[in-house]
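Engineer: just need the structure, nothing else, for what follows:
(2 chains)
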There are 2 protein chains.
Amino acid sequence: MTYCVAIKLNAGLVFLSDSRTNAGLDQISTFRKMIVYEKPGDRFMTLLSAGNLSISQSVREILQTEQLREFEDAEPITIWNAKSMFDAARVLGQAVRHVYERDAEALQQAGVEFNVSLIFGGQIRGEGMRLFQVYSAGNFIEATPETQYFQVGESKYGKPVLDRVITPETPLDEAAKCALVSMDSTLKSNLSVGLPLDLVVYEANALKSNKIVAIDTDNPYFRMLHNSWGQKLREVFDSLEDPVWDDAKTENPLKAQGRIAPLKKLSNPNEKLI
Amino acid sequence: MTYCVAIKLNAGLVFLSDSRTNAGLDQISTFRKMIVYEKPGDRFMTLLSAGNLSISQSVREILQTEQLREFEDAEPITIWNAKSMFDAARVLGQAVRHVYERDAEALQQAGVEFNVSLIFGGQIRGEGMRLFQVYSAGNFIEATPETQYFQVGESKYGKPVLDRVITPETPLDEAAKCALVSMDSTLKSNLSVGLPLDLVVYEANALKSNKIVAIDTDNPYFRMLHNSWGQKLREVFDSLEDPVWDDAKTENPLKAQGRIAPLKKLSNPNEKLI
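Structural biologist: Numbering: from 1, shown residues only, chains lettered A, B, ... in the order given. Modelled structure (predicted):
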């Protein structure tokens, strides 16, 4: 499994991926799930992948040279000359379909599903930033102000903090922090997600990024985040009052017959006015 | 979908379930997923269910009268006379198998998987508390000091806080609070889980419980928890420093060719000594 998340903000884009790959539980390896395509001043794109590693590696390999032809005499579109991120995403979708044509039947015969999930985002000169999620069929959806982030892989553990923090106005570094906390929660609860992490922070209209970093166990910021978040979360948890049971002596005639007894309201006497 | 969690502690047991059932997205109903079986002074048992509602309702219906016969002349074992929770769990497993025999083939013909997940725990006079997770095949596993809680249904969103808080020594009310926070995170991120909640707190060796409560939107404690947790989580998040990028001017020759660039370590200058 794996966990990747990408967030689109007014201020820019944040991409974060782990690097653990497992086939079963005793074959665990480290493979980077992130790749950056950059032509400074012209385009900056980042691809994150989850799913079957042989498929996503093949997609990445052929994407570099993949050509999309609209009609016979048209100039072929590649990710390096596409005039929009939408076209670049179409090239990626076609690369997925090429791998499908090549491998899906043999995979199916071996009982392996053709399974790949991709997040692809960035900016090409002349248009705004865009962020896409590309599915196994090569089709894709785009992030909007209402749905600002995409996750692939083991996404649920890390979703609550994204839902609580991310808005279009969130500053870039805060969003990077949020992505790292989301990853930390996932690492805590799922063995199939592991360090090192790859993080890219892209500022709107920069058309390049120097904020590309590999984060390993010895990274002081991630260690601080991991330790502080766990500890402070615990402090917040402890600061919330335990439930107080009123009316605890009342007997409930329904219960003995095996029914649910919505008998008493759990209430905190200090909160009665709410 | 649904979310149920049960926790076994030295001090007792905590059971919590939501009550949303959905078949697709436009057929959403409220069904309680919890049922309590109590003979005060003799036994106290709670059953939580997830999966196909028709199956779990059938299991609950026949469990009341289900009889397990070890051999021809043996006294039949029911949940009301079982001498151990292990035997009671076997009766429950047999009830699941009876529903399977009755319904699985017809369900399969309709393309519906035979899918039910149950959590069953409590205490019978003469032995300690026990907690089981029962699967669709009627087989089951038991909680241990290392694995103190079981979740069924939409379990991932609410897992991180359980992993951070629960130990065998956690007091009962704190564990109830933790289960409610876990549920709150799940409610926040998943539409298919909804109020009202049913909560049972059982004190070790009581062989009965009066702490059985239905929690609706107007419950002051849950509202306080929901608001405070969200707000304080946000405060903790804000209190963590954003990442600081050093060396942000360095150009990275690998990046342009589409490789990952583990060039710079993200670091917080205040944390250098860690």
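
Engineer: could you pull out the strands for the stretch 151-274 of chain A?
Structural biologist: A:197-203, A:211-215 (DSSP state E, counting those that start in this stretch).

Engineer: mean pLDDT lowest for which of those strands?
Structural biologist: In terms of average pLDDT, strand A:211-215 trails the rest of these, at a mean of 87.

Engineer: quick check, that strand touching chain B?
Structural biologist: Yes. Using CB under 8 Å from any CB of the partner chain, strand A:211-215 reaches chain B at A:Lys211, A:Ile212, A:Val213, A:Ala214, A:Ile215. C-beta: built from backbone N, CA, C; applies to glycine.

Engineer: which strand or helix spans the residue lying closest to A:Arg60 once chain neighbours are set aside?
Structural biologist: Nearest residue to A:Arg60, sequence neighbours excluded (CB to CB, 6 or more residues apart in numbering or on different chains): A:Ile35, at 5.7 Å. Here A:Ile35 sits within strand A:34-39, counting by DSSP states H and E.

Engineer: shouldn't the residue nearest to A:Arg60 be in contact with A:Leu47?
Structural biologist: Yes. Using CB atoms under 8 Å, A:Ile35 is in contact with A:Leu47, at 5.0 Å.

Engineer: and the closest residue to A:Gly158 other than its chain neighbours, what does it touch?
Structural biologist: Distance criterion CB to CB, 6+ apart; nearest residue to A:Gly158, sequence neighbours excluded, is A:Ser182 at 3.4 Å. Each residue near A:Ser182 by CB atoms under 8 Å, 6 or more residues apart in numbering or on different chains is listed here: A:Val5, A:Leu16, A:Gly158, A:Lys159, A:Val161, A:Leu162.

Engineer: make JSON lines out of those residues and add pLDDT and neighbour count.
Structural biologist: JSON lines is the format used below for these (pLDDT from 0 to 100; neighbours: other CB atoms under 10 Å in any protein chain shown):
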{"residue": "A:Val5", "pLDDT": "97", "neighbour count": "27"}
{"residue": "A:Leu16", "pLDDT": "96", "neighbour count": "27"}
{"residue": "A:Gly158", "pLDDT": "90", "neighbour count": "31"}
{"residue": "A:Lys159", "pLDDT": "90", "neighbour count": "22"}
{"residue": "A:Val161", "pLDDT": "89", "neighbour count": "26"}
{"residue": "A:Leu162", "pLDDT": "92", "neighbour count": "21"}
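
Engineer: farthest-apart pair in the residues you listed, please.
Structural biologist: Of all pairs drawn from these, the greatest distance, 13.6 Å, lies between A:Leu16 and A:Lys159 (CB to CB).

Engineer: low pLDDT regions in the stretch 51-200 of chain A?
Structural biologist: Along the stretch 51-200 of chain A, the model assigns pLDDT under 70 to no residue.

Engineer: up against chain B, what does it have?
Structural biologist: Within the stretch 51-200 of chain A, the positions lying close to chain B (CB under 8 Å from any CB) are A:64, A:156-157, A:159-161, A:163-165, A:171, A:173-174, A:176-178, A:180-181, A:185, A:188-189, A:196, A:198-199.

Engineer: any of the residues you listed buried? List them.
Structural biologist: Buried members of these, counted by 16 or more other CB atoms under 10 Å in any protein chain shown: A:156-157, A:159-161, A:164-165, A:173-174, A:176-178, A:180-181, A:185, A:188-189, A:196, A:198-199.

Engineer: so A:Gln148 sits right up against A:Pro168, yeah?
Structural biologist: Yes. Under the criterion of CB under 8 Å, A:Gln148 makes contact with A:Pro168 at 6.5 Å.

Engineer: burial count for the closest residue in space to A:Gly126 that isn't next to it in sequence?
Structural biologist: Spatially, and ignoring its direct neighbours in sequence, A:Gly126 is nearest to A:Lys83 (6.8 Å; CB to CB, 6+ apart). Using other CB atoms under 10 Å in any protein chain shown, A:Lys83 has 13 other residues around it.

Engineer: now swap in A:Ile215 and tell me
Structural biologist: A:Ile215: 25 neighbours (other CB under 10 Å).

Engineer: please name the bridge partners of it.
Structural biologist: Per DSSP bridges, the residues bridged to A:Ile215 are A:Leu197.

Engineer: wait, it touches A:Val200, no?
Structural biologist: No. Using CB under 8 Å, A:Ile215 is not in contact with A:Val200; the gap is 11.4 Å.

Engineer: and A:Arg223, how far from chain B?
Structural biologist: Distance, A:Arg223 to chain B, using CB to the nearest CB, to the nearest Å: 5 Å.

Engineer: what's the neighbour count on that residue?
Structural biologist: The burial count for A:Arg223: 16, using other CB under 10 Å.

Engineer: mind checking the end-to-end distance for stretch A:100-118?
Structural biologist: One end of stretch A:100-118 sits 14 Å from the other (CA to CA, to the nearest Å).

Engineer: off-centre distance for it?
Structural biologist: 23 Å (CA atoms, centre = their mean, to the nearest Å).

Engineer: now it: buried residues?
Structural biologist: Buried residues in stretch A:100-118 (16+ other CB under 10 Å): A:Tyr100, A:Asp103, A:Ala104, A:Leu107, A:Phe114, A:Val116, A:Ser117, A:Leu118.

Engineer: got the contact list for that stretch?
Structural biologist: Residues outside stretch A:100-118 that contact it (CB under 8 Å, 6+ apart) are A:47-52, A:54-56, A:58-59, A:92, A:96, A:99, A:133-138, A:152-153.

Engineer: apply 6 Å and report the result again.
Structural biologist: A:Ser49, A:Ala50, A:Gly51, A:Asn52, A:Ile55, A:Ser56, A:Val134, A:Ser136, A:Val152 (CB atoms under 6 Å, 6 or more residues apart in numbering or on different chains).

Engineer: repeat for stretch A:38-45
Structural biologist: Stretch A:38-45 is contacted from outside by A:Tyr37, A:Gly122, A:Gln123, A:Ile124, A:Arg125, A:Tyr202, A:Leu207, A:Lys208, A:Ser209, B:Lys255, B:Ala256, using CB under 6 Å, 6+ apart.

Engineer: same thing with stretch A:158-175?
Structural biologist: A:7, A:9-12, A:14, A:145, A:148-149, A:178, A:181-182, A:185-186, A:201, B:157, B:185, B:188-189, B:237, B:242-243.

Engineer: could you pull out the helices in chain A for me?
Structural biologist: Taking DSSP state H, the helices of chain A run over residues A:53-63, A:85-109, A:159-165, A:172-189, A:220-239.

Engineer: Serialize the ones you listed to TSV and add fields for distance to B:Glu70.
Structural biologist: Output for the helices of chain A, formatted as TSV (distance: least, CB to CB, whole Å):
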stretch	distance to B:Glu70
helix A:53-63	50
helix A:85-109	47
helix A:159-165	47
helix A:172-189	40
helix A:220-239	46
